[in-house]
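Undergrad: structure for the following, please:
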Amino acid sequence: MMTRALAAVLAVRAGWFASAAVPGRAADPVLTPFVADALWAPNPASGSDGRSHLVYELRIGNTTASSLELDKIEVLDEPSGKLLLSLDRDGLGKRFSIGGRRGAESADLGVGQFGVLFLHVALEPNDALPRAIAHRISLRLAQPGIDFSATVARTPVVDRPLVVLGPPLIGAGYIAADGCCDSIRHVRALLALNGHFTLAQRFAIDWEQADSENRLVKADTKTVSNYTIYGRDVLAVADGTVVSSRNDLPEQVPGALPQGMTIDQADGNFVVLDIGGGAYVLYAHMQPASVRVKAGDKVKRGDVLGKVGNSGNTQAPHLHLHVMDGPSPLASNGIPYVFESFKLTAIDKAGTEDFDKAEATGSPLTLTPVSPPQILSRVMPLDLTVVEFSR
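TA: Below you'll find the predicted structure:
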């Protein structure tokens, strides 16, 4: 049951949460039916579409004995109040995950529940970068049927210089699968580790490769060597020091994620590279016995680290790559990065469903060519863009 004090306030209905202004005194605290905070302050990512992208998470918890029905959440520039993003109830129902669990999306919060809203704010090229943002949350208390709105969860926007990477692979036809900013598998890979949330994969890319027929795989899809990217050299994206690596896990049979995978095996055969400035790069799922480096080794940009494989928690050969603010592949915070240069040649505008079908069956990707191809510098390839890397 609600406390007597809150129940009494609720009975007032129209005057609920109102507070009188007292001259010469700061505004009195306002009673709210929820708590909200940004899990991490967003750091803008420069995308291959020419826009800046804020990708971050907002935690909201229900503090009442009534269920809460989320109606609208707006992201506001501070202090101007300019509207940057508005999500209605339908939009919230696709992005708000109860308990932060992917697959548990809802626009309602039960008694004592919390959820995590996965947010993506795209800023146009001429838009000024906000120094801070806030969130106006509008909802309805199911019992006794009261509408409420408050602007909360103020957080700075971190304008930190982006990490610049060299190519992780060489050649054409590389497709940035499950990349920034509205894909689900990486962007929503929120984990509860050591008693707190982490999201190391926020800006991760699963690199696969299409051949001249736009196929990811030919013939038997259960054979790893039939995938176009299988066996490609994996390169150091910068000078650095190897923090950790693994080289002993077997290849998985493509087609489905393995069962019973332990957390220490999830990245398969991997390398974590310290490239300085508090940035670490993870390369995952390499071939067994192909990893050439070990902890403490110094590498130069362009050095071969291993070969693309299908080890660990994976269902098809690919190179998983992300940048993080700590040495742990999972218990770190994912940070944005850019590549020094690449050629943008096509986009799979048919979406993730088309990519998944091509991976599972060997059907050609439905690619829209970029004509003429664009040479881009110091941006991040967005989800399902096809690029060419050269030395």
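Undergrad: and Gly81, how many residues sit next to it?
TA: Gly81 has 11 neighbouring residues, counting by other Cβ atoms under 10 Å. Every residue, glycine included, has its C-beta placed from N, CA and C.
Undergrad: same deal with Lys82?
TA: 13.
Undergrad: so which residues of the stretch 251-391 of the chain form strands?
TA: For the stretch 251-391 of the chain, the strands defined by DSSP state E, counting those that start in this stretch cover 269-276, 279-286, 298-299, 304-307, 319-324, 337-339, 342-347, 368-376, 385-389.
Undergrad: show me the shaky parts of the chain.
TA: 1-26 (pLDDT under 70).
Undergrad: can you give me the helices in it?
TA: Ranges of helices within the chain are 4-12, 89-95, 352-361, based on DSSP state H.
Undergrad: picking that back up, among the strands of the stretch 251-391 of the chain, which comes closest to Arg232?
TA: strand 304-307 (6.7 Å; Cβ to Cβ).
Undergrad: and that closest one, what's buried?
TA: Leu305, Gly306, Lys307 (16 or more other Cβ atoms under 10 Å).
Undergrad: contacts only, for the last one.
TA: Looking back up the chat, that one is Lys307. Applying Cβ atoms under 8 Å, 6 or more residues apart in numbering to Lys307 gives the contacts Gly231, Arg232, Asp233, Val234, Met286, Gln287, Ser290.
Undergrad: now it, nearest residue through space, not along the chain?
TA: Ser290 (3.9 Å; Cβ to Cβ, 6 or more residues apart in numbering).
Undergrad: how about the contacts made by that neighbour?
TA: Asn247, Asn269, Gly306, Lys307, Gly309.
Undergrad: could I get these as a markdown table with distance to Thr223?
TA: Listed next are the contacts of Ser290 as a markdown table, based on distance: Cβ to Cβ, whole Å:
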| residue | distance to Thr223 |
| --- | --- |
| Asn247 | 22 |
| Asn269 | 19 |
| Gly306 | 20 |
| Lys307 | 16 |
| Gly309 | 13 |
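Undergrad: ok, these vs Leu169, which is closest?
TA: Nearest to Leu169, judged by Cβ to Cβ, of those is Lys307 at 10.6 Å.
Undergrad: and that closest one, what are its bridge partners?
TA: For Lys307, the beta-bridge partners under DSSP bridges are Asp233.
Undergrad: any idea how far it is from Gln252?
TA: To Gln252, Lys307 is 15 Å away according to Cβ to Cβ, to the nearest Å.
Undergrad: what of Phe339?
TA: 28 Å.
Undergrad: got it, and Leu344?
TA: For Leu344 relative to Gln252 (Cβ to Cβ), the value is 31 Å.
Undergrad: okay, those two: which has more neighbours?
TA: Ranked by neighbour count (other Cβ under 10 Å), Leu344 and Gln252 place Gln252 first, with 22 against 19.
Undergrad: quick check: the gap between the more buried one and Asp383.
TA: Counting by Cβ to Cβ, the gap from Gln252 to Asp383 is 24 Å.
Undergrad: now do Pro42
TA: 18 Å.
Undergrad: over to His322?
TA: 14 Å.
Undergrad: what do you get for Asp28?
TA: Distance, Asp28 to Asp383, using Cβ to Cβ: 46 Å.
Undergrad: more crowded one of these two?
TA: Neighbour tally, Asp28 and Asp383, criterion other Cβ under 10 Å: the higher count belongs to Asp383, 23 against 11.
Undergrad: what residues does that one make contact with?
TA: With contact set as Cβ under 8 Å, 6+ apart, Asp383 has these partners: Ala176, Ala177, Asp178, Gly179, Cys180, Cys181, Asp182, Ser183, Thr352.
Undergrad: just checking, Ala289 touches Asn247?
TA: Yes - if you go by Cβ atoms under 8 Å, Ala289 and Asn247 touch, sitting 6.2 Å apart.
Undergrad: compare these two (neighbour count), which wins?
TA: Using other Cβ under 10 Å as the criterion, Ala289 and Asn247 rank with Asn247 on top: 19 against 12.
Undergrad: what's the closest non-adjacent residue to the more buried one?
TA: In space, Asn247 is closest to Val291, 4.0 Å off (Cβ to Cβ, 6+ apart).
Undergrad: same check on Ala122?
TA: Using Cβ to Cβ, 6+ apart, the closest residue to Ala122 is Arg51 (4.9 Å).
Undergrad: what is the burial count for the one you found?
TA: Arg51 has 18 neighbouring residues, counting by other Cβ under 10 Å.
Undergrad: how about it, what does it touch?
TA: Arg51 makes contacts with Ala122, Leu123, Glu124, Pro125, as judged by Cβ under 8 Å, 6+ apart.
Undergrad: residue contacts, Pro42?
TA: The contact partners of Pro42, by Cβ under 8 Å, 6+ apart, come to Leu54, Val55, Tyr56, Val121, Ile133, Thr155, Val157, Val158.
Undergrad: which ChimeraX command selects the buried ones in these?
TA: Buried subset of the contacts of Pro42, written as a ChimeraX selection, criterion 16+ other Cβ under 10 Å:
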select :54,55,56,121,133,155,157
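Undergrad: now, which of the contacts of Pro42 sits nearest Met261?
TA: Of all the contacts of Pro42, Val55 has the smallest distance to Met261: 26.4 Å, by Cβ to Cβ.
Undergrad: for that closest one, give the beta-bridge partners.
TA: In beta-bridge terms (that is, DSSP bridges), Val55 pairs with His120.
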